[in-house]
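> below: sequence and its predicted model.
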Amino acid sequence: MTTREAESRHVAAAEGLAYNTLRQLIHWDPSMMIGDAQIDAEHEKIFQLAEHACSLSRDHENAAELVRAFNQFGETLFSHFTNEERKLFDAQYANASRHLAQHQAMRSEFEYIRQRLVENGIGWAYEEQALVVLNFMIGVTVGHVLQSDSDFANSAGGASLLGSDGKKDEGRV
């Protein structure tokens, strides 16, 4: 084996490791449910879209599809934010303003990335493009859904999402 072949094999192995680790990180699991049927379904869809983008990110020939997947992710995310914000207010969640600020920051970041994709087109260095898109999706899935949304479900303001015994009740809306 030549040095070049060895380097190529090493890079491919490292990319495979990162890719597989990332897919595990953003894979939806029912244990992530917060107990609200609509919100849980939206969270699951968000994770599915992020996982799909992850699979597209492996090959630069998928650049146009990755942009479409990112736009679909944004549409789904913004719709989810609208639904979730209504529930935060209805529950009189004490940390609603902080939670909404997180949503606004993600909206702004999404628009910044989307604009960058439009301005730079598909020719944008694919590795950078994929990393920026996936980094944002990881922040939404792992950072926000699994942290902030779970905090709401476990708070007094999210008590309506939980049964009287404090356990998640998937039937509650």
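Here it is on my side, so go on. Numbering: from 1, shown residues only.

> buried stuff in the lengthiest helix in the chain?
Ordering each helix of the chain by length in residues (DSSP state H) puts helix 63-90 first. For helix 63-90, a neighbour-count test (16 or more other C-beta atoms under 10 Å) marks 63, 66-67, 69-70, 73-74, 77, 80-81, 84, 87-88 as buried. (Glycine included, C-beta is placed from N, CA and C.)

> with distance to residue 132 added, can I get these in CSV?
Conversion of these to CSV gives the following (distance: C-beta to C-beta, whole Å):
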residue, distance to residue 132
63, 12
66, 11
67, 11
69, 13
70, 9
73, 13
74, 13
77, 16
80, 21
81, 20
84, 24
87, 30
88, 28
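
> quick check, nearest of these to residue 36?
residue 87 (6.9 Å; C-beta to C-beta).

> so what pLDDT did that closest one get?
As summarised for this prediction, residue 87 has a pLDDT of 93.

> so who does it touch?
Going by C-beta atoms under 8 Å, 6 or more residues apart in numbering, residue 87 touches 36, 39.

> from residue 99, how far off is it?
Distance of residue 87 to residue 99, given as C-beta to C-beta, to the nearest Å: 10 Å.

> quick one: the spatially most central residue of the chain from residue 57, how far?
The chain has residue 141 as the residue nearest its centroid, 3.3 Å off, counting by C-alpha atoms, centre = their mean. Using C-beta to C-beta, one obtains 14 Å as the distance from residue 141 to residue 57.

> in three-state terms, label residue 93 for me.
Three-state secondary structure (criterion: DSSP: H, G, I helix; E, B strand; the rest coil) places residue 93 in coil.

> that one and residue 44, how far apart?
Distance, residue 93 to residue 44, by C-beta to C-beta: 22 Å.

> these two: which is more packed in?
Neighbours per residue (other C-beta atoms under 10 Å) separate residue 93 from residue 44, with residue 93 holding more: 20 against 16.

> thought the more buried one was touching residue 151?
No. At 9.4 Å, residue 93 does not count as touching residue 151 under the criterion of C-beta atoms under 8 Å.

> show me where the protein has its strands.
Listed in chain order, the strands of the chain (DSSP state E) amount to none at all.

> any low-confidence regions in it?
Within the chain, the stretches with pLDDT under 70 are 1-24, 120-128, 156-173.

> where along it do the helices fall?
3-25, 37-56, 63-90, 96-120, 126-138, 150-154.
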